[in-house]
Structures are given as C-alpha cells and as structure tokens.
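Novice: Would you be able to build a 3D model of this:
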Amino acid sequence: MTRFSRAVCLSLFLGTAAVAASAMPIGSLTLVESGFIGDLGDLQPQPSHALKHLYVKPGVDLTRYDSVMIDPVSTVTLPRASIARIRDSDLVDICQEFTDQISHRVGESRTVATAAGPNTLQIHVVLTDLIPNRADFAFKDVSGFDRSYGVGAAAVQIEFRDSVTGTLLAAIVDSKHGDMFPYNMNKHTVWGDVDEIVMRWSSTIAKELTQQQG
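Specialist: Presented below is the predicted three-dimensional model:
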C-alpha cells in the first residue's frame, strides 16, 4: 500500500450505542459486519446495487449541497473484530488514504470545505473492521493460522449530515471482500484488497452526492 503522510486516525470505542453485528468468514479470519452505530431516526432504507444498506431521510435532496466537509476517517473497535489486531501504523495509513480518496473523488464535483456552513454537507466515515491479505505482516500478534495468503475485506459506516444543524440525512452500512482464490490478484500483498475497496467506496460516496434524493 502506498504510504501517505501520517495523520491522526481517531479510534472510537463503543459506549451505550446498540450495534447488531454479524460475522462473515474470510478464509481463516472473520469479518465483523456491524449494523448502524447509533440512531437512524426517521431514515428509510433505499434500494442500492452497490451497497448492502443505504438509508435516506424522506424529502432530503443531497444534490442541493454545493460543498462538503469531510471528517478524517476513523475506526471503531467492535467485539471479535480483526481491526483490533492491526498495527496502529497501518490503521493510520489506511485512514489517511481513505480520507484522501474521498476528498479527491468528491472534489471533482463539489467544493471541499474546511468548516461548517450553509449548503455544506458533512461526511463522517468509520471503518468497523479490516482484514488484510497478509495478516502476518499487518497484525500485532500473529498465530499459525495468520501465516498464509488470504482474501482482504473491510466493513464501513458512513454518515451524511447537515454541517450546521447536525441532522442525519443519509447513512451507509456496507462490507466488501476481494476475489476468492484462485482469482485474487492481491493475495501476495498486505493491503491490496482493502486499497481497492477504499477506492470503490470513495467513488460511491461521490456518486451518491450527485443523485441521492429521499
């Protein structure tokens, strides 16, 4: 994975928020797929071919926002999630890469703002789990099962809020994994699958801003 300049990657820890989590086996590891962390309020599910779960507030038109404030991508530690085993330096790099990708994609059609304001949308992204292709190069603690090539995966939660009022306007909960063997072209890398997933999510975020209405 291309190393970006180091930045603060916020780690969030669950308090009283209720989270429905399921587990998806990825080789010898398990990806923890969370439900929405927090309260969806009156958001309603919408059909999506690219995402597992998309929720939008009725009557909301995201296309009216001409600028976007992008929070630094953060992580959350859920029970049984592999993300808790990943080296801190790797988490920092992945969060920075994801933040940069979102800024690049969104910036193609919107002004990227640094502060809240009228007609400014706030995007908050939380990675809820990560699985590397090569766990033995990414985990703090390595077991015998980790010393093998694998399929990378990631899970995410994304919030779209009005930057002034803080009102939750839309939300995404999704997870993706790389190609299974023997077709996985990233199996000899550490973060190849996650890099590709991050790029896909960044493009999806930008696309939702140009077409999503409740």
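Novice: any weak-confidence spans in the chain?
Specialist: For the chain, applying pLDDT under 70 flags the ranges 1-21, 27-28, 144-146, 148, 212-214.
Novice: mind listing the strands for it?
Specialist: Under the criterion DSSP state E, strands of the chain are mapped to 11-13, 21-26, 29-34, 44-46, 53-56, 67-70, 74-77, 111-113, 120-131, 153-162, 168-177.
Novice: strand partners of the longest one, parallel vs antiparallel please.
Specialist: By that I understand strand 120-131. strand 67-70 (parallel), strand 74-77 (parallel), strand 153-162 (antiparallel) (DSSP bridges).
Novice: Out of the strands of the chain, which is closest to Ile102?
Specialist: Nearest to Ile102 among these is strand 67-70 (5.5 Å), distances taken as CB to CB. From N, CA and C alone the C-beta is placed, and that goes for glycine too.
Novice: List every C-alpha atom in the closest one, with coordinates, as PDB.
Specialist: Below are the C-alpha coordinates for strand 67-70, written out as PDB (Å, rounded to 0.1, in the frame of the first residue of the first chain):
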ATOM      1  CA  SER A  67     -19.800  22.000  -0.700                       C
ATOM      2  CA  VAL A  68     -18.700  19.100   1.500                       C
ATOM      3  CA  MET A  69     -16.800  19.000   4.800                       C
ATOM      4  CA  ILE A  70     -15.000  15.600   5.100                       C
END
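Novice: Work out the gap between that strand and the centre of the chain.
Specialist: 17 Å (CA atoms, centre = their mean, to the nearest Å).
Novice: ditto for stretch 50-60
Specialist: Distance of stretch 50-60 from the chain centroid (CA atoms, centre = their mean) equals 16 Å.
Novice: How about stretch 52-63?
Specialist: 18 Å.
Novice: Near Ala154, how many other residues are there?
Specialist: Neighbour count for Ala154, taken as other CB atoms under 10 Å: 28.
Novice: Report the spatially closest residue to it, excluding sequence-adjacent ones.
Specialist: Beyond its immediate neighbours in the sequence, the residue positioned closest to Ala154 (CB to CB, 6 or more residues apart in numbering) is Ile197, lying 4.8 Å away.
Novice: got the contact list for the one you found?
Specialist: Neighbouring residues of Ile197 by CB atoms under 8 Å, 6 or more residues apart in numbering: 152-154, 176-178.
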